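>>> A predicted structure for the sequence below; I have some questions about it.
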Amino acid sequence: MAATEAPGRAAPGGRAGAGRLRPRRRSAADRRDARAGLALTAPAVLLVGVFALFPLGFGVYISLTNWPLVGAYHFVGLSNYTGLIHNSVFLQSILFTLKYTAIVTIPIFVVGYALAVFVRSNRRGTTLFRTLIFLPYIVGLVAESFMAVVELQPSSGTANFVLSRLHLVTDTTAWTVHTGLATTAICILVIWFASGLTMMLLMAGMQGIPTDIYESARVDGASWWSAERRITLPLLRRSIALSLIISVVGSFLAFNQFFIITDGGPGTSTESVVMSIFQTAFADTDVGLASAMSVVLVIVVGLITFIQFHYLQRDTD
Amino acid sequence: MRRAGYLSIVAVGAAATLALGACSSSGGSSGSSSSPKTFGVNATGTVHFWARQATDGPAKALVKEFNATHKKLKVVLHLTPPNDDTSQLATAIRAGSPPDVVGLNDIDVPTFSHENALMDLTQYVNALPYKSALSPGHLRLATIGSKYYGVPYLADLSVLWYNKKLFSEAGLNPNDPPTNYAEIMTDAKKISALGHGIYGFSFAGNCQGCLGFTMLPSLWANGVHMISGALGNQTANVASDAPLKTMLADYRTLWANKEVPVNDQTQNGLTWGADFEAGKVGILPGDYGFATAMKDPSEFADAPLPGVTGSSYSTFDGGDDFVIPAGASNPSGAWEFIKWVLEPAQQVQYPSLGDTPIRTDILTPSFAAKNPYDAVALKALAKGSVEYTLAYDAVYNEPGSPWFKMFEDAVYSGNLSAGISEGQSGIQSTLQQVKS
């Protein structure tokens, strides 16, 4: 490789140096490399094209029609989109999902970070703790949501049994049919469920920081808190950004826990955006409108992810 | 996160399936021109039968028996999961590879028949010698004008369960179940007075479908339907529905007086009937299917769901219709299987499988003696009904449905007038949105 490298290609000088170079002719080895690169990435590109881009494009097409669950359809232009502006159920579901995302994101991060600090060293027993903390994520939100339904029952659930003895609620509190209580319960469940993943991501990042940096800081008299603030946090930016992106996108696409625990109720007060799309497509049998809602969701999630990536890029440059 | 990945995969898969379906022909409505004398006779090959998991008892048992007795025609059973049966069928139809026969929730049949997605079975249904004995409500849902796009398959009916032991302890006649809501209120009060965790009444208060299943028949028994008019021009009759007001007020009284378990407010149907089966509840409007758990006939009995007033009764014609999707590859085999299932020898097996026969002529003295619980349900079948609309799910079954909102307002919040008023406008608005 070294024999074929052009000066500009490997130059560490960046743009200034590259600007002075004359365009060079590609060598046979370059062309071979390019072909190999294409061949190696082709399967992934093909998969993304067939299973992501084409369906996405087709989804956009459906959103421009009155596509029912079965039967004929016709083109309706942008009416599905303009109708969304006045669709109170959809707007309410977006607002609720935003609130839910805002509520759970920071606690998931803080708890996940604290747990990562707790288990990042290789002391005796940490493997057991890591496993126990990660277990809720492995078990899955569906099973845990069904467990929550049982434990939140008035009179018979564990939640009321414990909390009523602390005089926080009564024994007959019906968690799943009151908007505030149900949302609180679901947020606690999700924080418990997702903190393990954040812990794993941050712990992996923490273990990648060279220990000699901490040793130097200690020699210089840095406290634990100071080392955490000035060394760990800055060097962990990529992991933090990744965990936040995963958490925010996951919260935006929340479905299972609301579907199982509250079914969107009471009324539609705990209906997430994805649940609203599901109901529109399969209960109202209006796949065209549901596709328009999905396209809007894709754009919103894409924008949020783009902004997060933008800040990540800026902070790590 | 994993759920995000899961949903992405589902979304991509569904979109891809729809995309592929759009590329292939979806097939139109195809009425078969074969004579009833030859159609469904000595068919060969394989029949792909889709049944709902919710009513899988008869499907599993009868497919096994059919395959054991028919060597030239094989039925392959596929069970569709709850909440997914219509979307799976729609996807298969769009993809141009529908099953040969489907046990479709009868409430969903109009959605498919009005889109020309089902085979016209009129001449074959008319040729059935027992056509007049088929459940009128189930057949009505498969009818457009004078054409039949399905035939009744099984009945999943609502009845009024009561605990004879608790009736006796409360000084009530255990052989005299309530025949209207006034009697229900009186009996429930006496049974609740027994105390010790005993309740007079119970309902699935967070299960929209269960409430419609058990409450609407009491309105129908009084000759009132909440939705009326021809499809495309339907109206809601809520504000002027006197029996509905009485019934909601009675439910409110039962709730406010704590004559129902507090868990009823969160009962979403998953453990519906468990408190009754445990002997803690006196009266439960419920599903005939609970019968499989009623081990002691001297303790539990069922009666027809009474009207709000008077002494009439009705039932919700729930259950399934057989339909043959347009474009099915073996419709003749499907019809042969359907006819076999509808024969008395198979129909009498239904009670032990958790469902009710779909033919009223199955109710004979010997059937009643052998199946006392189901005899009550089958008797009610002749007076059963449904709300005929394309908007049933949107009006009744969805979590935020106007029906359920009205129930919550009236029963839990005690705001009957506001509930009724909101119910009228909400149901009317939903009917217009779905263009029923």
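Yep, it's here. If you're wondering where the values come from, they're calculated on a predicted model, not measured in any experiment. Residues are numbered from 1 along each chain as shown, chains lettered A, B, ... in the order given.
>>> let me see the contact set for the residue nearest the centre of chain B.
When Cα atoms, centre = their mean is applied to chain B, the residue found nearest the centroid is residue B:318 (1.9 Å). Listed by Cβ atoms under 8 Å, 6 or more residues apart in numbering or on different chains, the contact set of residue B:318 reads B:105-107, B:155-158, B:213. For glycine as for every other residue, the C-beta is placed from the backbone atoms N, C-alpha and C.
>>> wait, does the helix or strand where residue B:254 lies contact chain A?
Using DSSP states H and E, residue B:254 sits within helix B:242-256. No: on the criterion Cβ under 8 Å from any Cβ of the partner chain, helix B:242-256 is out of touch with chain A, staying 11.8 Å away.
>>> now do the buried residues in that helix.
Within helix B:242-256, the residues that count as buried by 16 or more other Cβ atoms under 10 Å in any protein chain shown are B:243-252, B:254-255.
>>> turn the residues you listed into a markdown table, including pLDDT.
Shown next, in a markdown table, are the buried residues of helix B:242-256 (pLDDT from 0 to 100):
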| residue | pLDDT |
| --- | --- |
| B:243 | 96 |
| B:244 | 97 |
| B:245 | 97 |
| B:246 | 97 |
| B:247 | 97 |
| B:248 | 98 |
| B:249 | 98 |
| B:250 | 98 |
| B:251 | 98 |
| B:252 | 98 |
| B:254 | 98 |
| B:255 | 97 |
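>>> which one of those residues is nearest residue A:153?
Residue A:153 lies nearest to residue B:255 out of those, by Cβ to Cβ, at 16.9 Å.
>>> excluding residues flanking it in the chain, which one is nearest that closest one?
residue B:411 (5.3 Å; Cβ to Cβ, 6 or more residues apart in numbering or on different chains).
>>> check residue B:185 too.
Nearest one to residue B:185, counting by Cβ to Cβ, 6+ apart, is residue B:250 at 5.6 Å.
>>> what about the residue of the stretch 251-400 of chain B found nearest chain A, neighbour count?
Nearest residue of the stretch 251-400 of chain B to chain A: residue B:400, at 3.5 Å (Cβ to the nearest Cβ). Using other Cβ atoms under 10 Å in any protein chain shown, residue B:400 has 23 neighbouring residues.
>>> repeat for residue A:275
23.
>>> can you pull the alpha-carbon coordinates of the helix or strand it falls within into CSV?
Per DSSP H and E, residue A:275 falls inside helix A:273-282. Taking Å, rounded to 0.1, in the frame of the first residue of the first chain, the C-alpha atoms of helix A:273-282 are listed here in CSV:
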residue,chain,number,x,y,z
VAL,A,273,-47.7,8.1,18.4
VAL,A,274,-47.0,4.6,17.2
MET,A,275,-50.1,3.4,19.0
SER,A,276,-52.1,6.1,17.2
ILE,A,277,-50.7,4.9,13.9
PHE,A,278,-51.5,1.3,14.7
GLN,A,279,-55.1,2.2,15.6
THR,A,280,-55.6,4.2,12.5
ALA,A,281,-54.3,1.5,10.2
PHE,A,282,-55.8,-1.6,11.8
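>>> who does that helix touch, helix- and strand-wise?
Of the remaining helices and strands, those touching helix A:273-282 by 3 or more Cβ pairs under 8 Å, 6 or more residues apart in numbering or on different chains; DSSP states H and E are helix A:88-119, helix A:256-261, helix A:287-316, helix B:85-94.
>>> residue A:240: which of these is closest?
Between the helices and strands packed on helix A:273-282, helix A:88-119 lies closest to residue A:240; by Cβ to Cβ that is 7.5 Å.
>>> got the angle for the closest one vs helix A:273-282?
With axes from the mean of the first three to the mean of the last three Cα atoms, to 10 degrees as the basis, helix A:88-119 and helix A:273-282 are set at 140 degrees to each other.
>>> so which elements touch helix A:88-119?
helix A:126-139, helix A:179-207, helix A:237-252, helix A:273-282.
>>> circling back to that earlier point, isn't the residue nearest to residue B:255 up against residue B:252?
Yes: with contact defined as Cβ atoms under 8 Å, residue B:411 counts as touching residue B:252 (5.0 Å).
>>> tell me which residues are up against stretch A:151-169.
For stretch A:151-169, using Cβ under 8 Å, 6+ apart, the contacting residues are A:150, A:170-176, A:185, A:261, B:261-263, B:265-266.
>>> can you rerun that using 6 Å?
A:170-176, A:185, B:262-263 (Cβ atoms under 6 Å, 6 or more residues apart in numbering or on different chains).
>>> check stretch B:198-214 too.
With Cβ under 6 Å, 6+ apart, stretch B:198-214 has contacts from A:177, B:158, B:188, B:191-192, B:254, B:259-261, B:264-269, B:272, B:275, B:280-285, B:316, B:396-397, B:401, B:404.
>>> go again using 7 Å as the cut-off
For stretch B:198-214, contacts defined as Cβ atoms under 7 Å, 6 or more residues apart in numbering or on different chains pick out A:177, B:158, B:166, B:184, B:187-189, B:191-192, B:254, B:259-261, B:264-269, B:272, B:275-276, B:280-286, B:305, B:316, B:318, B:396-399, B:401, B:403-404, B:407.
>>> just the CA atoms of it, as PDB, please.
The C-alpha trace of stretch B:198-214 is given here as PDB (Å, rounded to 0.1, in the frame of the first residue of the first chain):
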ATOM      1  CA  ILE B 198     -68.800 -11.100  48.300                       C
ATOM      2  CA  TYR B 199     -70.100  -8.800  45.600                       C
ATOM      3  CA  GLY B 200     -73.500  -8.800  44.000                       C
ATOM      4  CA  PHE B 201     -72.400  -7.900  40.500                       C
ATOM      5  CA  SER B 202     -69.300  -7.700  38.300                       C
ATOM      6  CA  PHE B 203     -68.300  -6.300  34.900                       C
ATOM      7  CA  ALA B 204     -65.100  -6.000  32.900                       C
ATOM      8  CA  GLY B 205     -64.800  -2.200  33.300                       C
ATOM      9  CA  ASN B 206     -61.700  -1.600  31.300                       C
ATOM     10  CA  CYS B 207     -62.600  -3.900  28.400                       C
ATOM     11  CA  GLN B 208     -64.500  -1.900  25.700                       C
ATOM     12  CA  GLY B 209     -65.400  -5.000  23.700                       C
ATOM     13  CA  CYS B 210     -66.500  -7.000  26.800                       C
ATOM     14  CA  LEU B 211     -68.900  -4.100  27.800                       C
ATOM     15  CA  GLY B 212     -70.400  -4.000  24.400                       C
ATOM     16  CA  PHE B 213     -70.700  -7.800  24.300                       C
ATOM     17  CA  THR B 214     -72.700  -7.800  27.600                       C
END
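>>> relative to residue B:432, how far out is residue B:425?
11 Å (Cβ to Cβ, to the nearest Å).
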